[in-house]
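Novice: fold the following.
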Amino acid sequence: MTGLPMTVPDPALPARVRIHEVGPRDGLQNEKTAVPTAVKAEFIRRLAAAGLSTVEATSFVHPKWVPQLADAEELFPLLHGLPVRLPVLVPNERGLDRALALGAREVAVFASATESFARANLNRTVDEALAMFEPVVIRAIEAGLKVRGYLSMCFGDPWEGAVPVGQVVRVTKALADMGCDELSLGDTIGVATPGHVQRLLTELDGAGVPVSRLAVHFHDTYGQALSNTLAALRHGVTTVDASAGGLGGCPYAKSATGNLATEDLVWMLDGLGIETGVDLAALTATSVWMAEQLGRPSPSRTVRALSHKE
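Specialist: As a prediction, the model looks like this:
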C-alpha cells in the first residue's frame, strides 16, 4: 500500500487547512478507563512532532463528570515548552480559574444548539447556558486568552431530530457576539449531509458570522464526515476538527458516534494538494502506538491501510 495519495489540486479549495486535533481531550474522555498521565503527555508530544499545530490537551471539567480527564492539573505542566497551541476546555468560571492558574493561553466553552442536549449535558436551558458562559468568555478575553466556542447538535439531536438551521444560527451568533474568536460547528451524532452543511454555512454568512471564524467538527456515524468536510472547504472553511486514529466514539464503544479520524482527513487533504504541515506517516505511527496503549486497533481506515503488513 502506497504511503501517499496522488496529488490533484482543486483551485476552488483553500490552499491551507489548520487541523484542530481533539484526540487527547474529546477522544480520551470517552475511554472506559483512565489513560495514565504519562501516556497522555507522550501522545500529545508525538502529535506535535507529527506536525499538528493545535492539540486540544484536556478539560477542566469537574472530575466527577469526566473522570478520564481528572488529571488536568498533573498533565498540563508536562506539556510546557511544546511549540504548539494547547487549548483546554473550561465549563465554567471555576474551570477557567484552574486553567489560568496553570498558564493556559487558549480555552473553549461547550454550548448546545438544542434545548434537550443543553438540559442533558448542562442541566440548563440554551439561554441559561449562554448566560453561564458569558462571564467565562469575558474574563478569558480580559486575560488575553483566545476563546473557542463549541456548538453541539448543529445538525441533529437524538431527542429532537433534525435541528432547524435558524436555531443553530441564533446560538452561533450569540457565541460570536459574546466574543468567541472561533466557533466550532459540531455534528455530534453524525447525521449531517453536504447540502445541510452548505445551507447552515450560507445562513451564517447571511447572519454576519464570517466563515473565517468557523470550524467544523464532524462525526462519521453514517460515513459522511469527509464529504461534509469537503462541502465546508468549498464554502471557505479552513479549520477542521479531527481526532488522531479516530479516537472517541469508536465502534468498540456502543454509545459513541465516531470522530473523524485525523489520518483520513490528512489523506484527503494531501490528495487535494492542501497544506496541513502534518507528516502522515508520523501521525499514523503515533495512532498505532496509542492503539497499542489502549489495547485495541484504531478504527481509522487510513491507519489500518498504512500500517497493514503484507
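Novice: surely Val66 is in contact with Leu28?
Specialist: No - the pair Val66 / Leu28 is not scored as a contact, 9.7 Å apart, by Cβ atoms under 8 Å. (Each C-beta comes from the backbone N, C-alpha and C, glycine too.)
Novice: the more surrounded of these two?
Specialist: Shown here are Val66 and Leu28; by other Cβ atoms under 10 Å, Leu28 has more neighbours (24 against 19).
Novice: okay, helices next: where are they in the stretch 51-200 of the chain?
Specialist: 72-75, 93-101, 115-122, 126-142, 165-178, 194-206 (DSSP state H, counting those that start in this stretch).
Novice: pull out the buried positions in the last one.
Specialist: Of all the residues in helix 194-206, those buried under the rule 16 or more other Cβ atoms under 10 Å are 196-197, 200-201, 204.
Novice: repeat for the fifth one
Specialist: Neighbour counts over helix 165-178 (16+ other Cβ under 10 Å) mark 165, 167-169, 171-172, 174-176, 178 as buried.
Novice: next one: the first one
Specialist: Of the residues in helix 72-75, those buried by neighbour count under the rule 16+ other Cβ under 10 Å are 72, 75.
Novice: how about stretch 230-244?
Specialist: 230-235, 237-244.
Novice: what of stretch 125-138?
Specialist: 126, 129-130, 132-134, 136-137.
Novice: so where's the protein uncertain?
Specialist: Counting by pLDDT under 70, the chain has low-confidence residues at 1-2, 249-257, 309-310.
Novice: just the strands in it please.
Specialist: Remark: strands assigned in the chain by DSSP state E are 18-21, 54-55, 58-59, 88-89, 106-112, 146-152, 156-157, 161-162, 182-187, 214-218, 239-242.
Novice: got TSV for the ones you listed, with distance to Gly248 too?
Specialist: Converted to TSV, the strands of the chain look like this (distance: least, Cβ to Cβ, whole Å):
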stretch	distance to Gly248
strand 18-21	12
strand 54-55	14
strand 58-59	12
strand 88-89	13
strand 106-112	14
strand 146-152	13
strand 156-157	18
strand 161-162	24
strand 182-187	12
strand 214-218	11
strand 239-242	10
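Novice: what is the nearest of the buried residues of stretch 230-244 to Asn259?
Specialist: For the buried residues of stretch 230-244, the residue nearest Asn259 by Cβ to Cβ is Ser243; the value is 3.7 Å.
Novice: ok, now which ones touch the closest one?
Specialist: Applying Cβ atoms under 8 Å, 6 or more residues apart in numbering, we find Ser243 in contact with 21-23, 26-27, 259-262.
Novice: recalculate using a threshold of 7 Å.
Specialist: 22-23, 26-27, 259-262 (Cβ atoms under 7 Å, 6 or more residues apart in numbering).
Novice: now, those that are in helices?
Specialist: The members of these that map onto helices under DSSP state H are Thr262.
Novice: if you rank the contacts of Ser243 by neighbours, which is first?
Specialist: Going by other Cβ under 10 Å, Thr262 tops the contacts of Ser243 with 35 neighbours.
Novice: tell me the contacts of the residue lying closest to that one once chain neighbours are set aside?
Specialist: Among residues not flanking Thr262 along the chain, Ala242 sits closest, at 4.0 Å (Cβ to Cβ, 6 or more residues apart in numbering). Neighbouring residues of Ala242 by Cβ under 7 Å, 6+ apart: 19, 21, 259-262, 265.
Novice: so Ala242 bridges to which residues?
Specialist: Glu21 (DSSP bridges).
Novice: state the distance from it to Ala143.
Specialist: 28 Å (Cβ to Cβ, to the nearest Å).
Novice: look up phi and psi at the closest residue to Val211 other than its chain neighbours.
Specialist: Counting by Cβ to Cβ, 6+ apart, Val211 lies nearest to Gly236, which is 4.4 Å off, once chain neighbours are set aside. With angles defined as degrees, to the nearest 10, Gly236 sits at phi 110, psi 0.
Novice: was I right to think Gly236 contacts Arg213?
Specialist: No - Gly236 lies out of contact with Arg213 (Cβ atoms under 7 Å); the separation is 11.2 Å.
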